[in-house]
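>>> When you get a sec, could you give me coordinates for this:
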Amino acid sequence: MELNLFLFSIYDEEVTINILLELLKQVTQDIKTDLSESGEVYIYCNYFLICIEKDEIDNINDIKEEHDMDVNLSISIQVFNKTFDVGITSLLKFIGLIINKLQGDVLLLENFSPEILKRKDDVLFANIDFNSEYYRFPFNELGIPYVELKI
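Residues are numbered from 1 along each chain as shown. The predicted model follows:
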């Protein structure tokens, strides 16, 4: 499953990446990182791959306009099929930690649409009608309060 996470961070890119790594270590210890020639940062674990896209300004500007969000960081996520159940649960725990740590808007999309999670004006909304092809999202794994919406 391909997901896109957009968020706002007051920190510079290096500090934000280090924060994300520290938060991910609270979910899983099996973490590897890599830097591509084009500057993307890849973070691997047993359950998913995260790509922090440094130069995705066009995507970010589109998201700002389409979803009325104040975001400045684009993260692509690939949840592995072989470990999907554990992976999606671990990912939501990780996203909950991110939301607790970083202030500002957050948006989680499946392949750029539809909205799965959205934090705007310090209120977190979860699209309880969202179903992947095979799976419902366990939003309770976020570990934080959210408002259920049917988007």
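>>> Who are the packing partners of the helix-or-strand element of the chain with minimal mean pLDDT?
For the chain, the helix or strand with the lowest mean confidence is helix 57-67, at a mean of 83 (criterion: mean pLDDT, DSSP states H and E). Packing contacts for helix 57-67, counted by 3 or more CB pairs under 8 Å, 6 or more residues apart in numbering; DSSP states H and E, involve strand 2-7, strand 73-79. The C-beta positions use only the backbone N, C-alpha and C, and glycine is treated the same way.
>>> 10 Å instead, please
If you count contacts as 3 or more CB pairs under 10 Å, 6 or more residues apart in numbering; DSSP states H and E, helix 57-67 packs onto strand 2-7, strand 73-79, strand 106-110, strand 115-120.
>>> ok, for F8, nearest residue in space, not its chain neighbours?
Counting by CB to CB, 6 or more residues apart in numbering, G104 is the residue found nearest to F8 once chain neighbours are left out, at 3.0 Å.
>>> before we move on, the earlier item: so how far is the least confident helix or strand of the chain from its chain's centroid?
Computed by CA atoms, centre = their mean, to the nearest Å, the separation of helix 57-67 from the middle of its chain amounts to 16 Å.
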